[in-house]
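> I would like to see how this sequence folds:
(one chain, ligands or ions: 3)
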Amino acid sequence: MVVVHIDMDYFFGACEELRHSELKGKPFVVGTAAEKDKMRGVVQTANYEARKYGIKSGMPTMQAFKLYSELSYFKEDYDYYESISKRIESLLASYHKPIERMSIDEFAIDFGKESYYESELTAKEMKERINKEIGLPCTVGVSYSKTFAKMACDSAKPNGFKVIKEEEIKEFLGNKDVSKLPGIGVKTEARLKEMGISRIGELAAANPLLLIDKFGSFGKEMFELANGIDRSKIVERAETLSIGRESTLEEPTADMQKIDKKLGELSHEVKRELDKKGYVFKSVSVKARYQDFTEAIRNASLTHYSNSEELMLGMAHKLMEKLVGDKEVRKVGVRVSSLSGGIGQRRLA
Ligand code: DCP
Ligand code: CA
Ligand code: CA
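Residues are numbered from 1 along each chain as shown. Ligands and ions are numbered 1, 2, ... in the order given. The predicted structure follows:
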């Protein structure tokens, strides 16, 4: 299994920088309080220039200004950051892989059985596209599980890219402080220190029965993690769901008429599934696999939700035309995403 973890750098701050280009290179923070009451609030994030002065998330703004009096300040604008987060999510969703949105600025993507080589190429492309198309920096971690992909990412900040393979994990973890393991907070850290355990390597060599005795099932989990065993799973949420179908053509072809026939069948199946689940869609993507087994994907979004099969097919056709050009394809796929509604969701509402 390969997992790719993406975490945006100084996310709220980077979003502000997008619309305030004059900020570039200057230390600034985003905080909870309105500008006029800024000293009463808390810092939500600091850009890396401000971090040089020791300013960080969670710190009272007052303290941040004591560390650097020329600091620029912005009140948070959550809806704006959320809208950018959604754009990042739909860019990533266009790769047709299971995604877990772990927080507003963090995504874990399941690359399944893909090789590290292939995964790295795609993950680098994702990073590049987030940078070019959204305009924001991020850091990417690649590993064989969800937790270690996140740790790889954390260790490469900012604007980094790090791969940790199974055979490298012991060395990667060994010297790190136990607090670097996700789930270990200040309390657990203190209790582990009392037991003489401060590094992950020491945790890995500890007596697991003793850990279970002290921490219950979490004791077992942290022992396993310290030894490179991670059972956490990527969980897709309803908002990130997509519905797609793909199929191999009878023979490889660049003939759009033949391909359209297949797209028609696939769109029809997608539409049936969509109706069954009660969803409407906003984005359509298509995938083509070429003769040399490379694949390409294109997507487009509507400005409104729709459940029209005709519209889906029309978009699929236009996107596919660009992918095919004069190259022969052997397999095609149609997928809708940015779904809304859903029978289950309606019942809950
Ligand atoms: N956030 C917040 N309060 C905190 C921590 C974070 O409101 N105590 C918000 C602001 C951050 C965003 O969540 O921009 C993402 O948090 P991260 O922990 O990922 O930190 P950043 O993205 O700011 O920085 P980086 O990931 O580069 O370290
Ligand atoms: Ca971040
Ligand atoms: Ca984060």
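
> helix or strand right after the lengthiest helix in the chain?
When every helix of the chain is counted residue by residue (DSSP state H), the longest turns out to be helix 256-277. Counting by DSSP states H and E, the next helix or strand C-terminal to helix 256-277 is strand 279-290.

> got the angle for that next one vs helix 256-277?
Angle, strand 279-290 to helix 256-277, by axes from the mean of the first three to the mean of the last three C-alpha atoms, to 10 degrees: 150 degrees.

> direction included, what does strand 279-290 pair against?
strand 295-306 (antiparallel), strand 329-337 (antiparallel), strand 340-341 (antiparallel) (DSSP bridges).

> average model confidence for the first one?
In this model, strand 295-306 carries a mean pLDDT of 91.

> and the residue of the stretch 101-250 of the chain closest to ligand 2?
Taking C-beta to the ion, ligand 2 has its nearest neighbour within the stretch 101-250 of the chain at Asp105, 4.5 Å off. (Each C-beta comes from the backbone N, C-alpha and C, glycine too.)

> what sits against that residue?
7-8, 11, 81, 85, 88 (C-beta atoms under 8 Å, 6 or more residues apart in numbering).

> among those, which lie within helices?
In this view, those that belong to helices under DSSP H are 11, 81, 85, 88.

> show me what from the chain comes close to ligand 2.
Applying C-beta under 5 Å from the ion, we find that the chain lies next to ligand 2 at 7-8, 11, 105.

> ok so, going back, near ligand 3, list only the ones from the contacts of Asp105.
Asp7.

> of the contacts of Asp105, which pair is most distant in space?
Asp7 and Tyr81 (14.0 Å; C-beta to C-beta).

> interface residues of the stretch 51-200 of the chain facing ligand 1?
When proximity is defined by C-beta under 6 Å from any ligand atom, the stretch 51-200 of the chain lies next to ligand 1 at 57-58, 105, 157-158.

> looking at the ones in helices among the contacts of Asp105, which is nearest ligand 2?
Nearest to ligand 2 among these, with distances taken as C-beta to the ion, is Phe11, at 4.7 Å.

> report how many residues lie close to Ile55.
24 (other C-beta atoms under 10 Å).

> now do it against Phe12, distance only.
As judged by C-beta to C-beta, to the nearest Å, Ile55 and Phe12 stand 14 Å apart.

> so what does the longest helix of the chain touch, helix or strand wise?
strand 243-253, strand 279-290, helix 309-324, strand 329-337 (3 or more C-beta pairs under 8 Å, 6 or more residues apart in numbering; DSSP states H and E).

> hang on, the earlier thing: look up how far Lys86 lies from the residue of the stretch 101-250 of the chain closest to ligand 2.
Separation of Asp105 from Lys86 (C-beta to C-beta) stands at 12 Å.

> pretty sure Lys262 sits against Leu249.
Yes. Using C-beta atoms under 8 Å, Lys262 is in contact with Leu249, at 5.9 Å.

> between those two, who's got more neighbours?
Lys262 (21 against 17).

> spit out the contact partners of the more buried one.
So Lys262 contacts 247, 249, 332 (C-beta under 8 Å, 6+ apart).

> now the contacts of Asp105 in JSON lines, with pLDDT?
Compiled in JSON lines, the contacts of Asp105 are given as follows (pLDDT from 0 to 100):
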{"residue": "Asp7", "pLDDT": "98"}
{"residue": "Met8", "pLDDT": "98"}
{"residue": "Phe11", "pLDDT": "98"}
{"residue": "Tyr81", "pLDDT": "95"}
{"residue": "Ser85", "pLDDT": "94"}
{"residue": "Ile88", "pLDDT": "96"}
